[in-house]
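Chemist: Pasted the sequence and its predicted model underneath.
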Amino acid sequence: MASKIAISLVLAALLACAAVSGASARRLEEDTASPEEEEERHPAAVFPELPVPEHELPPLPKVELPPFPEVYLPPKPELPPFPEVDLPPKPEFPGIPEFHFPEPEAKP
């Protein structure tokens, strides 16, 4: 029973692929027409050269903005001074005792 369903699904997929490929082949044949046929299909595709008039842009209009409204802002509060902090001495990180970075060579 399952094999009959699988076979019918495979046949349906093959028929769908054949239909799609046939339609795309027809579309491809229509798109690749000879130049004579293209001229017959699109006679208005060749545009005559028209003189382009030179023009100047009109001057921009003068725009006056309304005055900016005055807004009351209270004065900024002063921040208290930062307290001085006594930090402990910075610990030294242990390094690799046998490793030293090579000194850069002097370039001429």
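Modeler: Now that the structure is in, tell me what you want to look at. Everything numeric in this text was worked out from a predicted model, so none of it was measured.
Chemist: Show me where this protein has its strands.
Modeler: Remark: no strands are assigned in the chain by DSSP state E.
Chemist: pLDDT below threshold where in it?
Modeler: Within the chain, the segments meeting pLDDT under 70 span 1-2, 23-25, 28-48, 50-57, 95-96, 108.
Chemist: Do a quick rundown of the helices in this structure.
Modeler: 2-31, 35-41 (DSSP state H).
Chemist: what's the burial count for Pro89?
Modeler: Residues lying near Pro89 (other C-beta atoms under 10 Å) number 5. (Glycine included, C-beta is placed from N, CA and C.)
Chemist: do Phe82 as well
Modeler: When neighbours are counted by other C-beta under 10 Å, Phe82 comes out with 6.
Chemist: which residues does it contact?
Modeler: By C-beta atoms under 8 Å, 6 or more residues apart in numbering, no residues touch Phe82.
Chemist: separation between it and Glu49?
Modeler: 76 Å (C-beta to C-beta, to the nearest Å).
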